[in-house]
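Q: Here is a sequence together with a model predicted from it:
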4 protein chains.
Amino acid sequence: MNKLNVALVGYNFMGKVHSHAMDNVSFFFKSELQPVKKVIVGRTEHLVKQAAENFGWESYETDWRKAIHREDIDAVLICSSTNTHMEIAIEAAAAGKHILCEKPLALTAVEAKKMLDAAEAAGVVHMLGHNYRRVPAICLAKKLIDDGKLGELYHFRGVYLQDWLLDPQFPTSWKLDKNIAGSGPHGDLNAHLIDLARYLVGEVDQVVGMEKTFITKRPKVKVDATLGADFSKVKGDVAEMVEVTVDDTTSFLAKFKNGTMGTFEATRMAGGRKNYEQIEINGTKGSLVFNFEQMNELQYWSKEDDVEVQGFRKILATEDVHPYVHAWWPPGHIIGYQNTFVNQLADFIDAIRQNKAASPNFYDGWLNNQVLDAVSRSTKSLTWEKPDHE
Amino acid sequence: MNKLNVALVGYNFMGKVHSHAMDNVSFFFKSELQPVKKVIVGRTEHLVKQAAENFGWESYETDWRKAIHREDIDAVLICSSTNTHMEIAIEAAAAGKHILCEKPLALTAVEAKKMLDAAEAAGVVHMLGHNYRRVPAICLAKKLIDDGKLGELYHFRGVYLQDWLLDPQFPTSWKLDKNIAGSGPHGDLNAHLIDLARYLVGEVDQVVGMEKTFITKRPKVKVDATLGADFSKVKGDVAEMVEVTVDDTTSFLAKFKNGTMGTFEATRMAGGRKNYEQIEINGTKGSLVFNFEQMNELQYWSKEDDVEVQGFRKILATEDVHPYVHAWWPPGHIIGYQNTFVNQLADFIDAIRQNKAASPNFYDGWLNNQVLDAVSRSTKSLTWEKPDHE
Amino acid sequence: MNKLNVALVGYNFMGKVHSHAMDNVSFFFKSELQPVKKVIVGRTEHLVKQAAENFGWESYETDWRKAIHREDIDAVLICSSTNTHMEIAIEAAAAGKHILCEKPLALTAVEAKKMLDAAEAAGVVHMLGHNYRRVPAICLAKKLIDDGKLGELYHFRGVYLQDWLLDPQFPTSWKLDKNIAGSGPHGDLNAHLIDLARYLVGEVDQVVGMEKTFITKRPKVKVDATLGADFSKVKGDVAEMVEVTVDDTTSFLAKFKNGTMGTFEATRMAGGRKNYEQIEINGTKGSLVFNFEQMNELQYWSKEDDVEVQGFRKILATEDVHPYVHAWWPPGHIIGYQNTFVNQLADFIDAIRQNKAASPNFYDGWLNNQVLDAVSRSTKSLTWEKPDHE
Amino acid sequence: MNKLNVALVGYNFMGKVHSHAMDNVSFFFKSELQPVKKVIVGRTEHLVKQAAENFGWESYETDWRKAIHREDIDAVLICSSTNTHMEIAIEAAAAGKHILCEKPLALTAVEAKKMLDAAEAAGVVHMLGHNYRRVPAICLAKKLIDDGKLGELYHFRGVYLQDWLLDPQFPTSWKLDKNIAGSGPHGDLNAHLIDLARYLVGEVDQVVGMEKTFITKRPKVKVDATLGADFSKVKGDVAEMVEVTVDDTTSFLAKFKNGTMGTFEATRMAGGRKNYEQIEINGTKGSLVFNFEQMNELQYWSKEDDVEVQGFRKILATEDVHPYVHAWWPPGHIIGYQNTFVNQLADFIDAIRQNKAASPNFYDGWLNNQVLDAVSRSTKSLTWEKPDHE
């Protein structure tokens, strides 16, 4: 069996879930290629050292360049803050390493294009970390659409609602700093919706949006970071109030190239919604609804059913016939968030083993970033913008 | 157009809903025969007088015999306390009046049989007031079962949960007096489940049950009855604590003659459940779920769907193809509790007009009472009892 | 007891439901003032004659002017096509009649303003038929917001989804003719969302929207109209294909004057959605969700609950403490679509009796029309528009 | 850090999920004691060898005695068929090994008592594998009950519905052989309900039940077992029809010692239900509902809420304040079936480390078996039976 030696850049929430996937992928998905947790990377030595221990990595580095250039490294998982993605990915590609990069791919489409070009030039496998494409219920949705069960598509509506910023005393962090994160829930959550929309519906032609920051100043705390911790658990002493430079919410209207009409909304201020990523798609022959908070379920309505028994079916996508499920548990024994990263990693490994393109990849990341950028532009220009402007 | 002159015995909750049905039936269901609110009956003059005014009856009587024997009366709606049903129904039948009687038909199966015999002997139309058979979603369930969509039936499970007695200070009333009501939620709510089970599944072969009165004494209040009021709104001064002589809950297991296995539970002590009448039926080819609190919906699972898209469909039974719906509103414009009484009255009138048997009728009432009795016996005998014992 | 003699203009779906309300209001809501079904108005004599009979009106007229000017008429219910509202209302006001007019109030805000001015000048009671304000669950939502339970409002999201035009062979009608209806689901369904948003959240500052007609030609049929029938039941021989001149869907983004961010969508092409009017409101202290297809329920999340038990409560708004419920049935005995019209009519009568302003009224209709107009303008101007432009 | 060397007996579904827990427990729950996958045991050499490889065990044995007596083994996980539990557990205890045994503990309460006595005599930690006690939502339910939020308990109702035997051609297996499995869904699924009922409500005083085998003969197939496979995936050539010697369904009524009234039902014949384990508990002050198919949610109704906003809250038990959640993911990022085994193993290890009693343990297993036995007796005696008969 061959080894795939991996470097992981970043050690917070995403670092934890990717480390977990590294631990589990070979158990559920047998492959000729077995990933090895070689090195984890972070800037603060005592923290990354502890992360290496907690998550079981063989070594750690504080300089990502050093880790990437290690000869024993075959692939890089990039989970650091968005502003670092481009530099790391380009250098990793140049070093011939395969890359799985968290979303959004980059701060802007311009950056994303450079990453795509670098990866393509290097001939490495590049993948974008949109784990929700690996939810069995979403894969089933894709299959039903591809099978023509929805007919021609008329509507896409997606909302991604969270509430972790509802408390005005919740401290700021890099996620609320435009220079580091690029945007707020727009790049964080709308990115997911956009990726699913492109996956399930098609390319976006034009958009118009609005954004708002409800709480414009938040306390800055001296973070006593607990490795692998939930971001919402940050505690510490308040030092000062600093400006929030990203949106708290961004919504937009979209016209797809195939004529589908779409609405999108992302927010971190919807009380009671925790990870409420809901999409609904209506076509001439059927409709689908998915919500991550019940991620094992897909609702499906078919116009082809007898009229007297038409209704939204709640499909529990835990049957052997559903994508990825064969690797997991019997019907009704539901899976969770982390399983999607295991499925994703299995596909990344498989792409490397077969030397084929991963999906979604940096091309998708570039297009996703284009839509994000177009929406942001439209909030300033106050009119419709096209994603392929740049 | 012919008139059907009606006498209504009883003027509380059931009196109100039947009066409303009288007002509405001709609007929604055109018929040669048009019901007229001739006379309403109650023992207490000032109350029944006010009821006549509130509900729009032409006259009132304090003596039910007098009302029944009026020559201008064609039909009697019996909504008085259960212990009065037999006497009134037998005399009404003898007087040649058609009868729609509230459930449970009688205090016991013995009484019910006498009522059945009297009505049959007199040749009048007799109907039992199980309005839930007139919910479109239930009618659809019946149709699907009759069409063989469920195959052979394996399971029936029914619960009827309310919580209006949860407060130990809630006052006693005739509904908590065994001599008047016969039993508590058993005769009040299990009667509905039993009727639906017999309608949808078939006859019950044997039962074993348990019952309990959690609150054995309740305050007696001097009721300042508001006509047509919700029973739960009774207010007044507490005079004394009196014994509750009926069950607060009764549950039982049932074996149906066709081999289906059933579970039943009725209670007035399930906090948060208001009129939570839920049934589920599983067969070799499909399953159904209904809950009155969402009475416009029927859930349906079919084994004949493709495996990858099997799931419980939530059918909104508001389409033109669904029973009774053509009389009401467009799809999605849901109906309510009172509509079932309008549907029921339309069928009663139609049975009279066509001189045909109504369904359910006193025969059903007799069989329902048999099951109720058998369960009650089993709570004493501590073993299985057969409904057709008597 | 005084009589309120009513003329009803229109006899289709809305005519039926208003006739039903006329029949029922005095039963449920006792008042000094009792409405009388004096005259129903329609252009086609044999149809309006039959409607008068079916719905129980004392007389009929084919000329609305004649009906309005009858001395025995006190109030007019306007349920005819939108393009006729202005003329009828202005003349009714001039004749000193109180007016309850269906929504949208007018084809444009300009028309609506004239109606408002006329009604105000005449000093008559004027009301707008947004029956959803009379759903107990919506009234409860209003109360919770007014009580401060939601705190400052951040988000409003509303969708109103139907699917009755999904079939491309579904025939055209006046509802698909811009000259008669003004717009498609925009004026029909977004009007409801806008009214609820203004009621619950506040005034809209600016909007940007998009609209689309998916099926641009539909068959024209010779309608054999069944009186009071569901609009979706139209049958007949296809004569020719004619152009659809209204939208099949309209969505828009909104910024409210108080800073709330809103999204709106209306469509008649969302397969499986029948009367799916769903709104969600998020504030600093709580959230609310309502969906008409389960109109007896209100979901409520409170930040003030203990963290460990926070969650959306599903309130069954059928308790005596909930608005209007005292008039109806005991807890859990749900009401339906038609009940909202009874509640509405009771309030209209009460406003007349007390000579006070009704709510919503023509002022609301004017503002609602302004928002509708602004959205329509924005679909052409491709930028944000303000409702109070005119 | 100390090592806990583990032997796992059994390598099918339960063997897989326990192996997965072994792999993950140290990642999520830091402990002084680290479990090691030393040896896996099975009777068929080529299968257990492959299992060792698939699941990553250091070695395998075909003789469980040999494995248990290995000096390097500290603890034994028993996942083999029920009829083997007693012998293995008693010998493991005698050898001084800590034991985590799958449910039901034994074929009968008599067997279970011997296991309990052996484990107690040996002073080893003994735990029963009722993983559902480790669902955060269930732990929250327990906490709310212990905190008095439900008051005095009135009702427990539990159903555990599956449908994997609905197809009469589904082949038989050891799970359908009374000598090996003891019973069908009774011991498999009712065991879970009984354990939860005892955990949340209290001890059972008496029961009466019914059972049925709908399909009495099933094909026997030559199984080409896929290791770790879902039991429902068994394929092969049909050799002959053999008798099913266990129940397809068992239901029973229960009276708890504290006065709570309970209903229980387990079946493998409820079409559309996959792992539908639902419980509802009603008390004087509140109610709770849980369903495994949405295992991250707990529904809670409180009588202490204001009447106008009372309703079942849907709590997403994924907050930091909820049991076990701190180890996993941020709010709304739901967990799955396998996580409960990780939580359970963490507690088992912790009990060993602290040399304290595990919960549930063999004492619970004994009591659970008593209830199972009493129900089975009652299906023959046709009357109420007490669990503590033996």
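A: Received, thanks. Residues are numbered from 1 along each chain as shown, chains lettered A, B, ... in the order given.
Q: Mind telling me what element the residue of the stretch 101-250 of chain A at minimum distance from chain B is part of?
A: Closest approach between the stretch 101-250 of chain A and chain B, counting by Cβ to the nearest Cβ: A:Leu140, at 6.5 Å. Placement of C-beta: from N, CA and C, glycine included. Assigned by DSSP states H and E, A:Leu140 falls within helix A:136-146.
Q: who's in contact with that helix?
A: Residues outside helix A:136-146 that contact it (Cβ atoms under 8 Å, 6 or more residues apart in numbering or on different chains): A:132-133, A:150, A:153, A:196, A:199-200, A:281, A:283, A:286, A:288, A:290, A:295-298, A:300, A:315, A:317-318, A:322-325, A:335, B:308-309.
Q: Out of these, just show me the ones up against chain D, please.
A: Filtering the contacts of helix A:136-146 for proximity to chain D (criterion: Cβ under 8 Å from any Cβ of the partner chain) leaves A:295-296, A:318, A:335.
Q: ok, of those residues, which one's closest to chain D?
A: Using Cβ to the nearest Cβ, A:Ile335 is the member of those that lies nearest chain D, at 4.0 Å.
Q: ok, the closest one - contacts?
A: Residues in contact with A:Ile335 (Cβ under 8 Å, 6+ apart) are A:136, A:295-296, A:318, A:328-329, D:336-338.
Q: Generate a ChimeraX selection restricted to the buried subset of the residues you listed.
A: Buried residues among the contacts of A:Ile335 (16 or more other Cβ atoms under 10 Å in any protein chain shown), as a ChimeraX selection:
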select /A:136,295,296,318,328,329 /D:336,337,338
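Q: Out of the contacts of A:Ile335, which sit inside helices?
A: A:136, D:337-338 (DSSP state H).
Q: Low-confidence regions, chain A specifically.
A: A:222-239, A:389-390 (pLDDT under 70).
Q: Give me the most central residue, it.
A: The centroid of chain A falls nearest to A:His130 when counting by Cα atoms, centre = their mean (3.4 Å).
Q: ok, and the closest non-adjacent residue to that residue?
A: The shortest distance from A:His130 to any non-neighbouring residue, by Cβ to Cβ, 6 or more residues apart in numbering or on different chains, is to A:Asp195 (4.5 Å).
Q: Centre of the chain to whichever strand or helix holds the one you found, how far?
A: Per DSSP H and E, A:Asp195 falls inside helix A:191-200. Centroid displacement of helix A:191-200 relative to its chain, using Cα atoms, centre = their mean, to the nearest Å, is 10 Å.
Q: From the rest of the structure, what touches that helix?
A: By Cβ under 8 Å, 6+ apart, helix A:191-200 touches A:103-104, A:128, A:130, A:132-133, A:138, A:141-142, A:145, A:156, A:158-160, A:204, A:254, A:256, A:262, A:264, A:266, A:277, A:279, A:281, A:360, A:364, A:367-368, A:371-372.
Q: Neighbours of the closest residue to chain C within the stretch 51-200 of chain A, how many?
A: Nearest residue of the stretch 51-200 of chain A to chain C, counting by Cβ to the nearest Cβ: A:Tyr154, 4.9 Å away. By other Cβ atoms under 10 Å in any protein chain shown, the residues close to A:Tyr154 number 25.
Q: next one: phi and psi at it?
A: phi -110, psi -40 (degrees, to the nearest 10).
Q: Contacts only, for it.
A: Going by Cβ under 8 Å, 6+ apart, A:Tyr154 touches A:259-261, A:282-284, C:214, C:249, C:267, C:269-270.
Q: I'd like to know which of the contacts of helix A:191-200 are part of helices.
A: Using DSSP H, the contacts of helix A:191-200 in helices are A:138, A:141-142, A:145, A:364, A:367-368, A:371-372.
Q: Now for those: which two are most distant?
A: A:Ile145 and A:Leu372 (23.3 Å; Cβ to Cβ).
Q: Return the members of the contacts of A:Tyr154 classed as buried.
A: A:260-261, A:282-284, C:214, C:249, C:267, C:269-270.
Q: So which of the contacts of A:Ile335 is the closest to chain C?
A: Nearest to chain C among the contacts of A:Ile335, counting by Cβ to the nearest Cβ, is A:Met295 at 17.7 Å.
Q: Could you find the closest non-adjacent residue to the closest one?
A: Leaving aside its sequence neighbours, A:Met295 sits nearest to A:Val135 (Cβ to Cβ, 6+ apart; 5.3 Å).
Q: One more: A:Ala52?
A: Distances taken as Cβ to Cβ, 6+ apart place A:Tyr60 nearest to A:Ala52, at 4.0 Å, with adjacent residues excluded.
Q: Could you list every helix and strand in contact with the helix or strand where A:Ala119 lies?
A: Using DSSP H and E, A:Ala119 sits within helix A:109-122. Other helices and strands packing on helix A:109-122, by 3 or more Cβ pairs under 8 Å, 6 or more residues apart in numbering or on different chains; DSSP states H and E, are helix A:85-94, strand A:126-128, helix A:362-381.
Q: Ranking those by mean neighbour count, which comes first?
A: Among the helices and strands packed on helix A:109-122, ranked by average contacts under mean count of other Cβ atoms under 10 Å in any protein chain shown, first place goes to strand A:126-128 (a mean of 28).
Q: could you say what helices and strands that strand packs with?
A: Packing partners of strand A:126-128 (3+ Cβ pairs under 8 Å, 6+ apart): strand A:98-101, helix A:109-122, helix A:337-354, helix A:362-381.
Q: Distance from the chain centre to the longest one, please.
A: So that's helix A:362-381. Distance, stretch centre to chain centre, for helix A:362-381: 15 Å (Cα atoms, centre = their mean).
Q: For that helix, C-alpha coordinates in CSV please.
A: Taking Å, rounded to 0.1, in the frame of the first residue of the first chain, the C-alpha atoms of helix A:362-381 are listed here in CSV:
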residue,chain,number,x,y,z
PHE,A,362,-9.8,25.6,-8.2
TYR,A,363,-11.8,26.3,-11.4
ASP,A,364,-15.0,26.1,-9.3
GLY,A,365,-13.3,28.2,-6.7
TRP,A,366,-12.5,30.8,-9.2
LEU,A,367,-16.1,30.9,-10.5
ASN,A,368,-17.4,30.9,-7.0
ASN,A,369,-15.2,33.9,-6.2
GLN,A,370,-16.4,35.6,-9.3
VAL,A,371,-20.0,35.4,-8.0
LEU,A,372,-18.9,36.6,-4.6
ASP,A,373,-17.1,39.5,-6.1
ALA,A,374,-20.0,40.4,-8.4
VAL,A,375,-22.3,40.5,-5.5
SER,A,376,-20.0,42.7,-3.5
ARG,A,377,-19.6,45.0,-6.5
SER,A,378,-23.3,45.2,-6.9
THR,A,379,-23.8,46.4,-3.3
LYS,A,380,-21.7,49.4,-4.2
SER,A,381,-22.8,50.0,-7.8
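Q: That one near chain C at all?
A: No: Helix A:362-381 is not in contact with chain C by Cβ under 8 Å from any Cβ; minimum separation 8.5 Å.
Q: interface residues of the stretch 1-150 of chain A facing chain D?
A: By Cβ under 8 Å from any Cβ, the residues of the stretch 1-150 of chain A that approach chain D are A:13, A:17, A:19-20, A:23-24, A:27, A:30, A:54-56.
Q: ok, 7 Å please
A: Proximity of the stretch 1-150 of chain A to chain D, by Cβ under 7 Å from any Cβ of the partner chain, involves residues A:13, A:20, A:23-24, A:27, A:55-56.
Q: For ChimeraX, write a command that selects the buried ones of those residues.
A: Buried residues among those (16+ other Cβ under 10 Å), as a ChimeraX selection:
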select /A:13,20,23,24,27,55
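Q: Narrow the residues of the stretch 1-150 of chain A next to chain D to those in helices?
A: If you go by DSSP H, the residues of the stretch 1-150 of chain A next to chain D have A:13, A:20, A:23-24, A:27, A:55 in helices.
Q: can you put the residues you listed in TSV and add distance to B:Gln169?
A: Putting these into TSV (distance: Cβ to Cβ, whole Å) gives the following:
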residue	distance to B:Gln169
A:Phe13	51
A:His20	54
A:Asp23	58
A:Asn24	56
A:Phe27	59
A:Phe55	58
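Q: which pair in the residues you listed spans the largest distance?
A: The farthest-apart pair in these, when distances are taken by Cβ to Cβ, is A:Phe13 and A:Phe27, at 22.2 Å.
Q: Thanks again, I'm all set now.
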